[in-house]
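**Student:** Just need the structure, nothing else, for what follows:
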Amino acid sequence: MAIFSIWGKRSEKYHDRLHWTYLFLKGYFGFVDLFRNTLLLSPLFVVAIGIAAENTKNSPQPLIAEKEFRSLLLLDDKIHLEVDQWIRDNAKLTEKKSGIPVESLGEQVRIRLNKVEQAYVAFLAKYPKHVEARLAFGSFYSGIAKLDDAMGQWSEARDLDKQNPVPWNNIGKAYGQKGNISEAIRHFTKASELAPKQPLYYRNLAAMLFAYPDQTARYYLIDRTQVVPKVLQLFKKALILDPKNFTLATDTAMVYLATRPFDAKEAINAWNNALVLAPDGRSKEGVLIHLARIHAHIGEAKIARELLGDVREPKFNELKNEILNKIDASSNSSSAAP
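**Tutor:** Numbers count the residues shown, from 1 in each chain. Below you'll find the model as predicted:
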């Protein structure tokens, strides 16, 4: 049986927790907008599962290695779940003024996570050419803000399997965190070339270009005004490959807000596409806020008000009122004009 069929869902759960850092472990770069945040949220490990599945067939040694690897991942998950629970429990106790100091909890966490690290070290000493283990170990290091160590493992994985897009993607993310945008672009581009049917890599590259327009213009030797069209082209490629992805649709729609001159028609179409894909009421209302803002901006106050009438989520009240106030101000200004 292919590794992916066994571990697909589990690996999604695995990489979900790799995109944040414990409060007392610092190292991630500060995000300046939605798209830099998008890069952090992009999957690192899930695509890797199954890369070497074909190599395990009818071969006892690789099958033994995969069994040990699964046990390693289970240990990793188990300890991270324990640590996560410690943090939640201590947060509740802290509210009651009975929690332990963050520094003390941090030390306990470090000791516990060290067991996972040593398990990876032992496994890779035994199976130094295990690509998925190197990818997973790198993601482990990334999750605890040891970025150089993470890049070391991903580089080993890249060298072991030069046609595997995952390490290129991961290293690109790491370079982005380090502020080396040219290398980030180069690595994300390579990942997309190696896996042209994988939307994730187009999305990551597009997000990087959008987040750093000046560096992008220098990298491609283009005018800064050409960056947004290039970003949109990449997002459109990703959407063609994954047309029902709501997050991808909202990312694309967000880029249209940066078009110059502002392409209101295409922006509205993009947000309407996202609206159709919205997975729940809150997501839908978030899209409605964007649509209302655009319609208000182009003078279609009636449509904006109708859209806002369907926004009832309290968390959107401030934005909703802001748009309504601007509509009222614009209406009053028009009425007062001679």
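**Student:** hey, let's count contacts and neighbours off CA atoms from now on
**Tutor:** OK.
**Student:** Phi first, then psi, for residue 97.
**Tutor:** phi 60, psi 30 (degrees, to the nearest 10).
**Student:** cool, the one 4 residues further on as well?
**Tutor:** When read as degrees, to the nearest 10, the backbone of residue 101 gives phi -60, psi 150.
**Student:** Neighbours of it, how many?
**Tutor:** Neighbour count for residue 101, taken as other Cα atoms under 10 Å: 10.
**Student:** Look up how far residue 90 lies from it.
**Tutor:** 9 Å (Cα to Cα, to the nearest Å).
**Student:** and if you look at residue 116?
**Tutor:** 22 Å.
**Student:** cool, residue 127 as well?
**Tutor:** Taking Cα to Cα, one finds residue 127 at 38 Å from residue 90.
**Student:** What of residue 253?
**Tutor:** Taking Cα to Cα, one finds residue 253 at 40 Å from residue 90.
**Student:** which of the two has more neighbours?
**Tutor:** residue 253 (24 against 19).
**Student:** wait, what's in contact with the more buried one?
**Tutor:** Shown in contact with residue 253 (Cα atoms under 8 Å, 6 or more residues apart in numbering): 267, 270, 271, 274.
**Student:** farthest-separated two in those residues?
**Tutor:** Pairwise distances across the contacts of residue 253 (Cα to Cα) peak at 10.6 Å, for the pair 267 and 274.
**Student:** which one of those two has more residues nearby?
**Tutor:** A side-by-side neighbour count of residue 267 and residue 274, using other Cα under 10 Å, places residue 274 first with 26 against 22.
**Student:** which strands and helices sit next to the host helix or strand of residue 90?
**Tutor:** Element membership for residue 90, per DSSP states H and E: helix 60-95. Secondary-structure packing of helix 60-95 (3 or more Cα pairs under 8 Å, 6 or more residues apart in numbering; DSSP states H and E): helix 102-126.
**Student:** Now do the helix it packs on: which elements does it pack against?
**Tutor:** Short answer (3+ Cα pairs under 8 Å, 6+ apart): helix 102-126 packs on helix 60-95, helix 131-143.
**Student:** how big is the angle separating that helix from helix 60-95?
**Tutor:** Put simply, helix 102-126 runs at 180 degrees to helix 60-95, going by axes from the mean of the first three to the mean of the last three Cα atoms, to 10 degrees.
**Student:** quick check: mean pLDDT across helix 102-126?
**Tutor:** Across helix 102-126, pLDDT averages out at 91.
**Student:** Then stretch 66-78?
**Tutor:** On average, stretch 66-78 scores 94.
**Student:** what does it contact?
**Tutor:** 14, 116, 119, 120, 123, 133.
**Student:** Go through it and flag the buried ones.
**Tutor:** Applying a neighbour-count criterion of 16 or more other Cα atoms under 10 Å, one finds 66, 69, 72, 73, 76, 77 buried in stretch 66-78.
**Student:** For these, give me a markdown table that also has distance to residue 288.
**Tutor:** Output for the buried residues of stretch 66-78, formatted as a markdown table (distance: Cα to Cα, whole Å):
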| residue | distance to residue 288 |
| --- | --- |
| 66 | 47 |
| 69 | 46 |
| 72 | 45 |
| 73 | 41 |
| 76 | 41 |
| 77 | 38 |
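**Student:** what two of those are the furthest from one another?
**Tutor:** Using Cα to Cα, the two most remote members of those are 66 and 77, lying 16.3 Å apart.
**Student:** hang on, the earlier thing: please tell me which one of the contacts of stretch 66-78 counts the most neighbours.
**Tutor:** Using other Cα under 10 Å as the neighbour criterion, residue 133 leads the contacts of stretch 66-78 with 26 neighbours.
**Student:** how about that one, what does it touch?
**Tutor:** By Cα under 8 Å, 6+ apart, the neighbours of residue 133 are 69, 120, 124.
**Student:** List the contacts of the last one.
**Tutor:** When contacts are counted by Cα under 8 Å, 6+ apart, residue 124 touches 130, 133, 134.
**Student:** now with 6 Å?
**Tutor:** Not one residue lies near residue 124 by Cα atoms under 6 Å, 6 or more residues apart in numbering.
**Student:** Residue 201: which of the helices and strands packed on helix 102-126 is closest?
**Tutor:** Judged by Cα to Cα, the one of the helices and strands packed on helix 102-126 that comes nearest to residue 201 is helix 131-143, at 16.3 Å.
**Student:** Just the CA atoms of the closest one, as CSV, please.
**Tutor:** Extracted in CSV, the C-alpha atoms of helix 131-143 (Å, rounded to 0.1, in the frame of the first residue of the first chain):
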residue,chain,number,x,y,z
VAL,A,131,14.0,11.8,2.3
GLU,A,132,10.7,12.0,4.1
ALA,A,133,12.4,11.8,7.5
ARG,A,134,14.7,14.7,6.5
LEU,A,135,11.7,16.7,5.4
ALA,A,136,9.9,15.9,8.7
PHE,A,137,12.9,16.7,10.8
GLY,A,138,13.3,20.0,9.0
SER,A,139,9.7,20.9,9.7
PHE,A,140,10.2,19.9,13.4
TYR,A,141,13.2,22.3,13.6
SER,A,142,11.2,25.0,11.8
GLY,A,143,8.4,24.6,14.3
